[in-house]
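[1] Sequence first, then the predicted structure, then my questions.
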Amino acid sequence: QLVESGGGLVQPGGSLNLSCVASGLTEEIWFMGWFRQAPGKEREGISCINLWTNGTYSEDSVKGRFTISGDKARNRVYLQMTNVNPEDTGVYYCAAPRGITTENQMCVIPVVDLWGQGTQVTVSS
């Protein structure tokens, strides 16, 4: 299972860190990522990482503001969010595919088999 932590309320221009751990799995995890579902919108991939190469993909709206990182040995993925704005509000889901893909495909197609329960991020003054 995937378990997220770190969501909450943050002011515009502020920062927030999310983390996720994959546990209880019998297979090796190669990719992990973060998806966001804003109110009234579909869930979209915002940042994904290849845990072996550290190659990353970031959706245009978060480039330069959000940084994804991973820890292959611990099956963990992190999302550092900076300079947030109200459009970043939503439920953030940790995700992972069971097999091999690319970080771009994982986020864009998407290629996901495992989902976390989600953590709420609210950007408001």
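    On my side now, so go ahead.
[2] so what's the residue nearest the centre of the chain bridging to?
    Central residue of the chain (Cα atoms, centre = their mean): Trp34, 1.6 Å from the mean position. Judged by DSSP bridges, the bridge partners of Trp34 are Ser47, Cys94.
[3] Distance from the worst-scoring helix or strand of the chain on mean pLDDT to the middle of the chain?
    Here the helix or strand of the chain ranked lowest by mean pLDDT, DSSP states H and E is helix 103-108, holding a mean of 93. On the basis of Cα atoms, centre = their mean, to the nearest Å, helix 103-108 sits 12 Å off its chain's mean C-alpha point.
[4] Just the endpoints, please. Distance across stretch 63-79?
    12 Å (Cα to Cα, to the nearest Å).
[5] What mean pLDDT does it get?
    Across stretch 63-79, the average pLDDT comes to 96.
[6] Same question for stretch 27-44.
    In the prediction, stretch 27-44 has an average pLDDT of 94.
[7] before we move on, back to that, is the residue nearest to the centre of the chain in contact with Tyr92, as I believe?
    Yes: using Cβ atoms under 8 Å, Trp34 is in contact with Tyr92, at 5.8 Å. From N, CA and C alone the C-beta is placed, and that goes for glycine too.
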